[in-house]
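Build me a structure from this.
(4 chains)
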There are 2 protein chains.
Amino acid sequence: MPPTTLDDVAAAARVSRSTASRVVRGTGPVSDAARRAVLAAVEELGYVPHPGARSLASGRGERVVVAVGSPSAELLGDPYVARVVAAASRAADTQGVGVALRWLGRDPRDELARLARDPGVGGVLLVDYSAEVLASVPRELVARVAAIGPADGRVPSYDVDAAAGITALVEHVLADGRRDVVMLTGPGWLPGARRAVEAYEAVVRAAGVPRRVVAADLTSLAGAQAAREARRRWPGVDALVAMSDTLAVGAMCALAEDGVRVPDDVAVTGFDDQPFAEHSGPGLTTATHPVERIAAAATAALLDRRRRDDQRTFPSVVVRRTSA
Amino acid sequence: MPPTTLDDVAAAARVSRSTASRVVRGTGPVSDAARRAVLAAVEELGYVPHPGARSLASGRGERVVVAVGSPSAELLGDPYVARVVAAASRAADTQGVGVALRWLGRDPRDELARLARDPGVGGVLLVDYSAEVLASVPRELVARVAAIGPADGRVPSYDVDAAAGITALVEHVLADGRRDVVMLTGPGWLPGARRAVEAYEAVVRAAGVPRRVVAADLTSLAGAQAAREARRRWPGVDALVAMSDTLAVGAMCALAEDGVRVPDDVAVTGFDDQPFAEHSGPGLTTATHPVERIAAAATAALLDRRRRDDQRTFPSVVVRRTSA
DNA sequence: CACGAGTGTGGGAACGCTTCCACCGAGCCC
DNA sequence: GGGCTCGGTGGAAGCGTTCCCACACTCGTG
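This next block holds a predicted model:
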């Protein structure tokens, strides 16, 4: 059985192809009755627009670009980014659309402008970006962009409720009797890093324990170094709250090297609930980050401009293992 | 200036569109003169076929699927896979083609059959597969598949010369005076793992030192466990040759935890020359793995069926740092 | 020297969609 | 009430390919 075309839909809804097209794209004036009829037909026939035909007729493309906005290309290989790519790819697949993975490079403004001009780009998923990157999204591109992470209101944002996760984690170690809690955060350019710190600060302030923060790149190596720095600066530290599992695993490795027991001497928590968190030396206590759901929602919104919410937050829950 | 179309090419080459199409696709009978003229015109005008039009007319799609064939989905987040995706994406980009990332799942035969049927896939890049996966590529799909790694002759293979790299690495540690060299290899299902062991075996046999092999999954955690197992079984071990940087980094972490000095007590080498190898505690001595070039070549061959070599091997050279 | 069997070539109809244009009625103003 | 505009609609022309078919040729063959 050949796949359903727009003509099939139009026929089923008893309207012209033009009207059906207008409804599907969500543009132009259409009466309510017609819209309902077409939508019903789409649903019933399981119509999916042919991306090739679409791009041919419109001159525009459909590809979803996962754009990594970090200053270095290293994060291209990050498991977090890989999860985003995999989820975006799966979501795009249902529409017959492909994905591209791109690093915005040293000059994000330039690359974004190029993306805006490229007619082959149907949507851009922004990952690991700085506030500057966010601000330099060209106006023409805003309608085709979704940020995976916190945004500024101009660009639609799909994000985990990291504040809730971090808060719960910090409260968890405090409840455990820890009093010298160091936050291992990400690099300064990452909005998510600042936000994690804020959540942390609110909790420690309320609890009346000191505020201690170390920033590090989002690699396990940097996590190891950060853990050492933390212990050097505050020898009494009894808990490490990291903003990512990668950081936390690196920290645990360094602690082990230095003969510090986890969680007996120092509790460690991560964030993201990556697959490897479960299998790390002492199972890593962390908070979930439904990357797949987030990326899938963002991709779906990008591909179907009819319904795009400008902001969505996804819950994060604590996963308790043995490291804290 | 509007992009060049096949008609432009045909006009420039003074042939019909049909003939130009035949040349570009590399099918059907065409005279040498016509072929040369068309190819010249393509070159001069910088013609790139419109993927949308192509997929519309042919009913087939163009997407390149990066298919991960590992028994667990974990390797989807592997930096190695990420590099493949990034390179494939870049290569596909030049043709206006998108990429999809897919795990073949618990039942690869099934998923491969689905890919073969899916008219939307233009090519499949196989990564991290077992011999069984390779064998279960349906005949119809073989023409659209390229394996990144060793293959069986049925499926075209684009691979690093791992034997040369491993050999050079083992010889390097032997030249350094090490006599108790343990190979940390990958899981048994991975053809590359067997091949690495064979290269290792040839060298140790020739050198008259004992053969010692530990297999592990390709994660840093598994690397750590493997290193511990190696030291338990052979307390005199003075060198660890790992088949991947990830494994090696994990091993170094475990050694440090256990108070073993690298490279003084035990030399460690990796394979892949991942970005993080340079920055690991003691800089990791490793061998290059030009993943980007390999993936790019494979993708290009997939997208342009005119010139597809059935087998290509890329050189690997030792990068000497401090760990060995 | 007519005959099929190749080879090389061009014409033209799809492919499924977007988009421009023309149309029709209903409401509004002067 | 004749002109508007304006929401709503359908018709039809492409978009750049592929692919099928028909048409020339040029051979070897009977």
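
Let me know the helix or strand that the residue of the stretch 51-200 of chain A found nearest DNA strand C is in.
At 3.1 Å from DNA strand C, residue A:57 is the closest residue in the stretch 51-200 of chain A, using C-beta to the nearest atom of the strand. Just so you know, the C-beta spots here come from the backbone N, C-alpha and C atoms, and that holds for glycine as well. Using DSSP states H and E, residue A:57 maps to helix A:51-58.

Buried residues, stretch A:53-72. List them.
A:53-56, A:61-71 (16 or more other C-beta atoms under 10 Å in any protein chain shown).

right, I mislabeled it, should have said stretch A:231-243
A:231, A:237, A:238, A:239, A:240, A:241, A:242, A:243.

Filter these down to the ones in strands?
Of these, the ones assigned to strands by DSSP state E are A:239, A:240, A:241, A:242.

Pull the contacting residues for the third one.
For residue A:241, the contacting residues are A:166, A:169, A:170, A:173, A:181, A:182, A:183, A:184, A:200, A:269, by C-beta atoms under 8 Å, 6 or more residues apart in numbering or on different chains.

hang on, the earlier thing: looking at the buried residues of stretch A:231-243, which one is closest to chain B?
residue A:231 (15.4 Å; C-beta to the nearest C-beta).

That closest one contacts residue A:258, correct?
Yes: judged on C-beta atoms under 8 Å, residue A:231 makes contact with residue A:258 at a distance of 7.2 Å.

Would you mind listing which of the contacts of residue A:241 are buried?
With burial judged by 16+ other C-beta under 10 Å, the buried subset of these is A:166, A:169, A:170, A:173, A:181, A:182, A:183, A:184, A:200, A:269.

Now render the residues you listed as JSON lines, adding pLDDT, secondary structure and distance to residue A:277.
Output for the buried ones among the contacts of residue A:241, formatted as JSON lines (pLDDT from 0 to 100; DSSP: H, G, I helix; E, B strand; the rest coil; distance: C-beta to C-beta, whole Å):
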{"residue": "A:166", "pLDDT": "98", "secondary structure": "helix", "distance to residue A:277": "16"}
{"residue": "A:169", "pLDDT": "98", "secondary structure": "helix", "distance to residue A:277": "13"}
{"residue": "A:170", "pLDDT": "98", "secondary structure": "helix", "distance to residue A:277": "18"}
{"residue": "A:173", "pLDDT": "97", "secondary structure": "helix", "distance to residue A:277": "16"}
{"residue": "A:181", "pLDDT": "97", "secondary structure": "strand", "distance to residue A:277": "19"}
{"residue": "A:182", "pLDDT": "98", "secondary structure": "strand", "distance to residue A:277": "19"}
{"residue": "A:183", "pLDDT": "98", "secondary structure": "strand", "distance to residue A:277": "18"}
{"residue": "A:184", "pLDDT": "98", "secondary structure": "strand", "distance to residue A:277": "15"}
{"residue": "A:200", "pLDDT": "98", "secondary structure": "helix", "distance to residue A:277": "19"}
{"residue": "A:269", "pLDDT": "97", "secondary structure": "strand", "distance to residue A:277": "10"}
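
picking that back up, is chain B within reach of whatever helix or strand comes next after the helix holding residue A:57?
The helix or strand immediately downstream of helix A:51-58 is strand A:63-68, counting by DSSP H and E. Yes: Strand A:63-68 is in contact with chain B by C-beta under 8 Å from any C-beta of the partner chain, via A:63, A:64.

What residues sit buried inside stretch A:316-324?
Residues A:316, A:318, A:319, A:321, A:323, A:324 are the ones in stretch A:316-324 that count as buried (16+ other C-beta under 10 Å).

and the residue nearest in space to the middle of chain A, what are its bridge partners?
By C-alpha atoms, centre = their mean, chain A has its centre lying nearest to residue A:148, at 3.4 Å. Using DSSP bridges, the bridge partners assigned to residue A:148 are residue A:127, residue A:158.

what does chain A put close to DNA strand C?
A:2-3, A:5-7, A:17-18, A:21-22, A:24-25, A:27, A:47, A:49-50, A:53-54, A:56-60 (C-beta under 7 Å from any atom of the strand).

Now the closest residue to chain B within chain A: closest residue in space that isn't a chain neighbour?
Going by C-beta to the nearest C-beta, chain B is nearest to residue A:98 of chain A, at 1.6 Å. Setting aside the residues directly before and after it, residue A:98 is nearest to residue B:98 in space (C-beta to C-beta, 6 or more residues apart in numbering or on different chains), at 1.6 Å.
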